[in-house]
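Chemist: Take this sequence and fold it.
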Amino acid sequence: MSKTSDADPKPMARRTPRPPSRELQHRLLFEHNPLPMMVFERATLRILAVSNAAVASYGYSRAEFLKMTLRDLTPPEDLAWLESLETSRRGENIGQQSRRARHVLSDGSIIDVENTGDDLVLAGRRCRIVLCQNVTERNRATVELAEAREQLRKSAEEYRLLFERNPQPLLAYDCETLRVVAVSDASIASSGYSREEFLEMTLLDFAPEQDHETMREYARANVRAKRLGLQLARPRRQLNKDGTLIDIEVTSDDLTLGGRRCRVCLSIDVTERNRASAALAIARDEAVEASNMKSAFLANMSHEIRTPMNGVIGLTEMLLEMNLDSEQRECAEQIARSGEQMLAIVNDILDISKIETGHLELDIGDFDLHETIGGTCAVTRVQAAAKGLRLDLEIDAAVPRLVRGDSRRLHQVVLNLVANAVKFTSSGAVTVRVKATHKPKAGEVIRIEVADSGIGIEPTRLQHMFEPFTQADASTTRNYGGTGLGLAIARELVELMGGTIGADSVPGAGSTFWFELQLAAPVSSAAQPAETGSAATTPAWASSPLVLVAEDSPINQIVAARALERCGCRAQVVGDGREALEALQAQVYDAVLMDCQMPGVDGYDATRELRRSEHGADHTPVIAMTAQAMDGDRERCLAAGMDDYISKPLRHLALAEALRRWIPPTPKTGQVAKPVRAA
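Modeler: Below you'll find the model as predicted:
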């Protein structure tokens, strides 16, 4: 062969590169498939071909793979299973099949894989092509591979069939022109375009016009990501032949075909998933809005009901203190009882709403268990005596006196059970028993039982007694009254405190309702009993404190002023927050009893303005007096600068305790007032 010398002026003729064969193209399409795939011979289990994704995920090079068999990928303890499986099936067609196996990576680690494969014939050899999906860390369903179902006629068609018969929507396109160069049957079936139509199209032809620039940007971003070793999976939209627009999520990988830089894309239709996500988001927002609307409605209803109830109960208490004859006193007592019953119904409705919305919280502290239960029984002892019933309390010596828990909610549960027992018992006795037992897993457990000799409950109804709006029989609402919420609330409270509740009953022979709680030991050595409605004592002051009452309801003004007088205070009344600020500018008060909702300047704004005007001077205690009793109302009052919070109806005990907390033994009435800006 002659050589051309350096001095030879005649240049060598440039040879035009021969385009790759169809066989090479399809081999590249297979090798650059974004999914981990391999082909092995059935007889020897020898690996004949692997995709780039398999090389990347397993860690072996292609050269190493082509020297291996499936035995080399199988852990030693799985070899017997692999041999028995393959030996039993080498003489027959297996067909498309999925099975789980374990494979060894190049670093020695073992992964769980799901092999989805099918039979095919390559150069006269019976083979299997397998999609090896790593399911060790992936929770989503893997992309399954469906293989060609007919025998391959030519070796040049093998890789084309592997690509085109893939059960997932695959296509390859030129990165420069965006023209489609290959497409799978699944893409044809899902889009409605024929293969011939696809090969005449670019990516922009089956995308809505408004997405064209986004797609070009995606193509540029994907190139940058590849340089960094990243792989993008970006959602976009696809326009099918029938005009429908679907959402797709695209995962891609690069390859070179005929000297052209191309990209293989796997497209998954996520339209229904996106619709479901959008519907879920809408439903979630609607649920939150409905919950907020319900909370706002209940807060408003609480205010609207408690405001007149404050007048009814307060004025009735005033009436009972007057010189009434027996008939008048009986009427006034009936009004008082009716008012208390209506207030109990309102409280039940608010409690069940708090439970449903998850807003009911416990207030944990140390308390005297004996005094709490004793005080609770004292509340209903008058009601029991009026019916000729005996109310007994039995507390075992082993029951600790000082415990830690929510005394107010414990009082509420016991009061509910005892009041129910009294209500449904016409003769005999109601007995409250308190016991301490030790359970292996729970430790020290307090068991409280309320037994009565009342009407009893049918077994078919007993199992539903703790459900909302359920009563012993259809006649109880008419004969005994009640909302049917009390036991449902008791169950929720006991379970919120970590306990259990139940009942035993014999129709006509009485019932026993019980609950068990694990109460912790107290943090301190002294504890306070729960507030159970016992009579309040009047605070002792050197002189009568002067209290400003800011209240817009004329009836509630009378109730508040009279309640203050009963506590030994003098009252001055104004009708809204602006008048309260003007009064505070002219006179020093020992405390302010502030209604929260008033026309014009409400209690919150009036308190904020008062605090801004004090500038570190003498602090005037502000006690919120509100008809709102929802969770968060107390916090809102304190955030506005108020010092304490009592809810309507105004209770003598609660008011007296609040005044005692904030007014010192020597009131400051008579001092010169500091200037207060009116809002």
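Chemist: what's the closest residue to residue 94 other than its chain neighbours sitting at in phi/psi?
Modeler: Among residues not flanking residue 94 along the chain, residue 119 sits closest, at 6.0 Å (C-beta to C-beta, 6 or more residues apart in numbering). (Glycine included, C-beta is placed from N, CA and C.) Dihedral pair for residue 119: phi -80, psi 150, per degrees, to the nearest 10.
Chemist: list the contacts for residue 119?
Modeler: Taking C-beta atoms under 8 Å, 6 or more residues apart in numbering, we find residue 119 in contact with 42, 93, 94, 95, 126, 127, 128, 147.
Chemist: And the strands in the stretch 451-600 of the chain, which stretches?
Modeler: 500-506, 510-517, 546-550, 570-574, 591-595 (DSSP state E, counting those that start in this stretch).
Chemist: which one of those strands lies closest to residue 108?
Modeler: Among these, strand 500-506 comes nearest to residue 108, with 51.9 Å by C-beta to C-beta.
Chemist: any idea how far the closest one is from the chain center?
Modeler: Relative to its parent chain, strand 500-506 has a centroid offset of 32 Å by C-alpha atoms, centre = their mean, to the nearest Å.
Chemist: Need the contact partners of it.
Modeler: 413, 456-457, 459, 462, 465-466, 490-491, 494-495, 511-516.
Chemist: switch the cut-off to 7 Å
Modeler: 456-457, 462, 465-466, 490-491, 494, 511-516 (C-beta atoms under 7 Å, 6 or more residues apart in numbering).
Chemist: what does stretch 548-568 give?
Modeler: Under C-beta under 7 Å, 6+ apart, the answer for stretch 548-568 is 307, 310-311, 314-315, 318, 538-539, 541, 544, 547, 571-577, 580, 583-584, 589, 592-595, 598-599, 603, 606, 625, 650, 652, 655-656, 659.
Chemist: next one: stretch 198-211
Modeler: 171, 173, 177-180, 183, 188, 191, 212, 215, 236-239, 245.
Chemist: any idea which helix or strand carries residue 274?
Modeler: Using DSSP states H and E, residue 274 sits in helix 271-320.
Chemist: nope, residue 114 is what I was after
Modeler: Using DSSP H and E, the element containing residue 114 is strand 110-122.
Chemist: Please save the CA atoms from that strand in PDB.
Modeler: The C-alpha trace of strand 110-122 is given here as PDB (Å, rounded to 0.1, in the frame of the first residue of the first chain):
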ATOM      1  CA  ILE A 110     -28.300  -7.100  47.800                       C
ATOM      2  CA  ILE A 111     -31.500  -5.500  46.400                       C
ATOM      3  CA  ASP A 112     -35.000  -6.700  45.900                       C
ATOM      4  CA  VAL A 113     -36.100  -6.600  42.300                       C
ATOM      5  CA  GLU A 114     -39.300  -7.300  40.400                       C
ATOM      6  CA  ASN A 115     -38.500  -9.000  37.100                       C
ATOM      7  CA  THR A 116     -41.100  -8.500  34.400                       C
ATOM      8  CA  GLY A 117     -40.200 -10.500  31.300                       C
ATOM      9  CA  ASP A 118     -41.200 -12.400  28.200                       C
ATOM     10  CA  ASP A 119     -39.900 -14.900  25.700                       C
ATOM     11  CA  LEU A 120     -38.200 -14.100  22.500                       C
ATOM     12  CA  VAL A 121     -35.900 -15.700  19.900                       C
ATOM     13  CA  LEU A 122     -32.500 -14.200  19.100                       C
END
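Chemist: Brilliant, that's me finished.
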